[in-house]
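Chemist: structure, please.
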Amino acid sequence: MLVLSCRKENAEEAHFTKRKYDYDIIIEGGINTMQRNQYIKLTAPSYNPDSLPTPIDGAEVLVNDGHRDILFKLTSSPGIYSGNVAQNQRYNQPYRLTVRYKGKEYTAIDSLIQVVNIIDDFIPLSILRYPDKRLELNIPKHTFGFNSAARWYIGNKNQPSWQPSKFDSVSYSYTHSFGVPNSIYPLLNQKRKEWVSPGEFITIYKFSMSDAYSKYLYSVFLETDWRGIFSSSPATIKGNISNRAMGFFYVTDVDIRRYRISELIQ
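Modeler: Here you go, the predicted structure:
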């Protein structure tokens, strides 16, 4: 058993280190219309199963809003840069990110698409009423077949308000303009479930996505959330960042609404 265990661990490590592409940098974050202070996170990827990506603190980060380059400065959080983008509502116009680090330059472009207001769209959640009058909030992670793709965040007493400066794991939901990825095998039952009361409030954030960003996320989920035992070999996921970089620089419009649970009970 010890020999088999050692062989398994060696095989897993060899699989981890055997890769087709190497990346110099990981870039996360983008521009939103909710506030002027914007945030970009830079990390160096790890190719060791025992370590995590490390923050990058010595880079030059610029965002062009169509009129000028705005310098993003390193915050007190390692690897996170912030800048004030006053022109953050230039709809259907491109924003350009430039990152310079260790003699290399990485660039990306994304355009701002206006979000469909929450009140004019289907809200991806349901509330179940049990015979004992308890209420259960159900939020599926993925819903398919929409006219336009969007990302959602639903905050309540157990989930803090959305903060663009936070890059930790966040419970987002997604409405996709594409169909179900594989009709032969069922998707994982990925839902967020919570007990709620009629007088409780929730805050719903809806984020627009460009076509390029929605396609990128769809390809990411094909290799993560929607992989099964009959899935094909992992594909190369390409973002919109040039050179040897991983990630996606996005621009998003944000709509925010606050509802009492009783308003959403059908």
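Chemist: low-confidence regions, the stretch 101-250 of the chain specifically.
Modeler: Within the stretch 101-250 of the chain, the segments meeting pLDDT under 70 span 169, 182-189, 227-236.
Chemist: got the residue ranges for the helices in it?
Modeler: Secondary structure of the stretch 101-250 of the chain (DSSP state H, counting those that start in this stretch): helices located at 211-223.
Chemist: need the strands for it, in chain order.
Modeler: Secondary structure of the stretch 101-250 of the chain by DSSP state E, counting those that start in this stretch: the strands cover 104-111, 126-129, 135-140, 142-143, 150-155, 172-175, 191-196, 201-208, 245-247, 250-252.
Chemist: please identify the deepest-packed of those strands.
Modeler: strand 250-252 (a mean of 26; mean count of other C-beta atoms under 10 Å). (Glycine included, C-beta is placed from N, CA and C.)
Chemist: give me the contacts around it.
Modeler: 29-33, 95, 110-113, 115, 151, 207-210, 213 (C-beta atoms under 8 Å, 6 or more residues apart in numbering).
Chemist: so the residue nearest to Gln93 when sequence neighbours are not counted, which state does it fall into?
Modeler: Spatial nearest neighbour of Gln93, chain neighbours left out: Gly66 (5.5 Å); criterion: C-beta to C-beta, 6 or more residues apart in numbering. At Gly66, secondary structure determined by DSSP: H, G, I helix; E, B strand; the rest coil is coil.
Chemist: which residues touch Gly66?
Modeler: Contacts of Gly66 by C-beta under 8 Å, 6+ apart are Gln87, Arg90, Gln93, Pro94, Tyr95.
Chemist: next, count neighbours for the second one.
Modeler: Burial of Arg90 is recorded as 17 neighbouring residues (other C-beta atoms under 10 Å).
Chemist: hmm, it is touching Thr33, no?
Modeler: No. Assessed by C-beta atoms under 8 Å, Arg90 is found out of contact with Thr33, at 9.6 Å.
Chemist: now do the shared contacts for those two.
Modeler: Leu112.
Chemist: just want the angle from the helix or strand hosting Ile256 to strand 150-155.
Modeler: Element membership for Ile256 (DSSP states H and E) is strand 254-260. Angle between the axes of strand 254-260 and strand 150-155 is 40 degrees (criterion: axes from the mean of the first three to the mean of the last three C-alpha atoms, to 10 degrees).
Chemist: who does strand 254-260 touch, helix- and strand-wise?
Modeler: strand 201-208 (3 or more C-beta pairs under 8 Å, 6 or more residues apart in numbering; DSSP states H and E).
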